[in-house]
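Asks: Dropping a prediction and its sequence here:
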Amino acid sequence: MIERKVTIANKTGIHARPASIFVKTATGFKSDITVYKGTAKASAKSLINILALGLSKDVELTIAASGEDENEAVNALAELVNSKFGEE
């Protein structure tokens, strides 16, 4: 298992459009991927679960993956968050 912490920098946080990009990216990997916000957790492959976390600006989250492509999955998702989903 590998995990990485990232902080959301988007002014509007992760709303529907960036959440769908995040989920689409996550589903491209074979690994099990989980996102943690404090003690709350969600499957990175579920749009409803990601939106339910309420990921707003300056929230720190942990992306954790376990599986054959775990490194690639965590890195790709962390870079997506760090890129602000191309919004700014």
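Replies: Yes, it's here.
Asks: Show me the helices in this protein, by range?
Replies: 16-27, 47-52, 70-82 (DSSP state H).
Asks: Compare the ones you listed and give me the one nearest V35.
Replies: helix 47-52 (6.6 Å; Cβ to Cβ). (Each C-beta comes from the backbone N, C-alpha and C, glycine too.)
Asks: Can you pull out the low-pLDDT segments for the protein?
Replies: The chain contains no residues with pLDDT under 70.
Asks: So which bits of stretch 11-27 are buried?
Replies: 13-14, 18-19, 22-23, 25-26 (16 or more other Cβ atoms under 10 Å).
Asks: Buried residues, stretch 73-83. List them.
Replies: Buried residues in stretch 73-83, counted by 16+ other Cβ under 10 Å: 73-74, 76-78, 80-81.
Asks: if we can go back for a sec, from the buried residues of stretch 11-27, which is closest to I50?
Replies: The closest of the buried residues of stretch 11-27, once distances to I50 are taken by Cβ to Cβ, is A19, at 4.7 Å.
Asks: thought the closest one was touching L47?
Replies: Yes - applying Cβ atoms under 8 Å, one finds A19 in contact with L47, separated by 5.8 Å.
Asks: Could you give the separation of stretch 50-61 from the chain centroid?
Replies: The chain centre lies 9 Å from the centre of stretch 50-61; the measure is Cα atoms, centre = their mean, to the nearest Å.
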